[in-house]
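1. Fold the following, please.
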Amino acid sequence: MHRMLRAVAIMALLVQISPARATGDAEQGARIFRACSVCHSLTPGRHMTGPSLAGVWGRKAGTAPGFARYSEALKSSGVIWNAETLDAWLTDPRSFIPNNRMTFPGIDDAVARVDLIAYLETAASNQAQAEGGSENGGMMGGMSGAVPSLRNIASDQQVTAIRYCGDTYSVTTKSGEVLQFWERNLRFKTDSSDTGPLKGVPALVRAGMMGDRASVIFAAPDEISALIEPKC
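-> As a prediction, this is how the structure comes out:
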């Protein structure tokens, strides 16, 4: 009987603390957000694969200023982002708002969701204070999902010429280095943001464990074809 009562007491305690704490740990949520920062920033107007999450708290879904890739499902959902709706979204985005474009499958751990939501709420509060003239620091520093600037890059990243021959791109940098890439391993991208490259100074961003992949990032689409010269 005592064991049964003890088991009931433990289960009651678990019900009280699960599926999540009543108050999330924003510092732990900041660590969890690192995975989110691959696609989302917390910098106002800095959109990536997904929209900036700056000011997401209390905002209507599908309305981040300047983000043009929302699904119709999200824009017409009428959802307002708060603790309850963010928890439902982070649990299973596809079930919460069917036919949206979010590829993220969701977070099963309820405590992790509460921590992440606490971080987003804290970030929104700090942003509001910053806009009101207060300083913003502490755990938010370095966690805005900011993308490294391509404005002041080294000479070995500044692309001056690109030749295309057969299945190979030869990329010449300002430092005089010529790098060759199989055509499927070199990507051409644009970044028109304040952290993107200067006009006429495309940036070479290397990738791949073997250094055999890279992206050339331009300030605008019209620069791409202008720089590539078909020549063997």
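
2. low-scoring stretches of this protein, by residue?
-> 1-22, 127-147, 209-210 (pLDDT under 70).

3. all helices for it, in order.
-> For the chain, the helices defined by DSSP state H occupy 2-17, 26-36, 72-75, 83-91, 93-96, 110-131, 222-227.

4. buried sites along the third one?
-> I take that to be helix 72-75. 73, 74 (16 or more other Cβ atoms under 10 Å). Heads up, the C-betas are built off the backbone N, CA and C, glycines and all.

5. which parts of stretch 194-202 are buried?
-> The neighbour-count check on stretch 194-202 (16+ other Cβ under 10 Å) flags 196, 197, 201, 202 as buried.

6. Also stretch 74-94?
-> 74, 77, 79, 81, 85, 86, 87, 88, 89, 90, 91, 93.

7. just checking, the fifth one touches residue 79?
-> Think residue 85. Yes. With contact defined as Cβ atoms under 8 Å, residue 85 reaches residue 79; the gap is 5.3 Å.

8. domains of this protein?
-> 2-140, 159-230 (automatic domain parsing).

9. want to try TSV for those, with distance to residue 148 as columns?
-> Converted to TSV, those look like this (distance: least, Cβ to Cβ, whole Å):
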stretch	distance to residue 148
domain 2-140	12
domain 159-230	7
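
10. out of those, which comes closest to residue 149?
-> For residue 149, the closest of the domains of the chain is domain 159-230, at 4.3 Å, according to Cβ to Cβ.

11. what about the closest one, how long is it end to end?
-> Using Cα to Cα, to the nearest Å, the gap from the first to the last residue of domain 159-230 comes to 16 Å.

12. Repeat that for stretch 103-111.
-> 22 Å.

13. Run the chain-centre distance for that stretch.
-> 16 Å (Cα atoms, centre = their mean, to the nearest Å).

14. any idea how far residue 82 is from residue 48?
-> When distance is defined by Cβ to Cβ, to the nearest Å, residue 48 is 23 Å away from residue 82.

15. just to revisit the earlier point, list the residues that are in contact with both of residue 85 and residue 79.
-> Both residue 85 and residue 79 are contacted by residue 61, under the criterion Cβ atoms under 8 Å, 6 or more residues apart in numbering.

16. measure the residue nearest to residue 181 when sequence neighbours are not counted to residue 212 for me?
-> Leaving aside its sequence neighbours, residue 181 sits nearest to residue 169 (Cβ to Cβ, 6 or more residues apart in numbering; 4.9 Å). Relative to residue 212, residue 169 is positioned 12 Å away (Cβ to Cβ).

17. Give me the more crowded residue out of the two.
-> residue 169 (20 against 14; other Cβ atoms under 10 Å).

18. Just want to check the distance between that one and residue 218.
-> Shown here: residue 169 relative to residue 218, a distance of 14 Å by Cβ to Cβ.

19. and the closest residue in space to residue 162 that isn't next to it in sequence, how many neighbours does it have?
-> Spatial nearest neighbour of residue 162, chain neighbours left out: residue 228 (4.8 Å); criterion: Cβ to Cβ, 6+ apart. The number of residues packed near residue 228 is 16, by other Cβ under 10 Å.
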